[in-house]
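*Asks:* Mind folding the following:
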Amino acid sequence: QVQLVESGGGLVQAGGSLRLSCAASGVTISTYGMGWFRQAPGKEREFVSTINWSGGITYYADSVKGRVTISRNNAKNMVYLQMTSLKPEDTAVYYCAADPTGFGRPGGAYDYWGQGTQVTVSS
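*Replies:* The predicted structure is shown next:
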């Protein structure tokens, strides 16, 4: 059974930083594309950043480009999202997801999802 568990969310002031982590179990993610998505209150879930199986290809939403870095450690079965220069509009529940195809494209087939971690940015 594939489980993804996010951590690292919290309350931060605008301009601050957070590092989100996603721990995978029940699967070796080394062949999976991985992604981070978010959902703000009253809005649909949206793509934030994704990464292919090797970490060699990454994608970023325009809204976070230059402020966010996705990375992975396949040996530890972990995926990370380093967020800097946070803005109030980054406030959302952040979800980790796994794409069995390995491509990790933003619109890919993310079959497995975590429960999410709340990020709140105060102004």
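
*Asks:* Please report how far the residue nearest in space to the middle of the chain lies from residue 44.
*Replies:* What sits nearest the mean C-alpha location of the chain, by CA atoms, centre = their mean, is residue 36, with 2.3 Å. Per CB to CB, to the nearest Å, residue 36 is found 15 Å from residue 44. (Glycine included, C-beta is placed from N, CA and C.)

*Asks:* pLDDT at the residue lying closest to residue 34 once chain neighbours are set aside, what is it?
*Replies:* With CB to CB, 6 or more residues apart in numbering as the criterion, residue 34 has its nearest non-adjacent residue at 4.5 Å, and that residue is residue 79. pLDDT, residue 79: 98.

*Asks:* and the gap between residue 79 and residue 24?
*Replies:* In terms of CB to CB, residue 79 sits 7 Å off from residue 24.

*Asks:* which of those two has more neighbours?
*Replies:* residue 79 (31 against 24; other CB atoms under 10 Å).

*Asks:* The more buried one is in what secondary structure piece?
*Replies:* strand 78-83 (DSSP states H and E).

*Asks:* neighbouring strands for the helix or strand just after that strand, and are they parallel or not?
*Replies:* On the C-terminal side of strand 78-83, the nearest following helix or strand under DSSP H and E is strand 92-99. Paired with strand 92-99 in the same sheet, following DSSP bridges, are strand 33-39 (antiparallel), strand 112-113 (antiparallel), strand 117-122 (antiparallel).

*Asks:* nearest to residue 67, of the ones you listed?
*Replies:* Nearest of these to residue 67, taken as CB to CB: strand 117-122 at 11.5 Å.

*Asks:* Run the chain-centre distance for that closest one.
*Replies:* Counting by CA atoms, centre = their mean, to the nearest Å, strand 117-122 is centred 14 Å from the centre of its parent chain.

*Asks:* how near is the residue nearest to residue 94 when sequence neighbours are not counted to residue 95?
*Replies:* Excluding its sequence neighbours, the residue lying closest to residue 94 (CB to CB, 6+ apart) is residue 38, at 4.8 Å. Distance, residue 38 to residue 95, by CB to CB: 7 Å.
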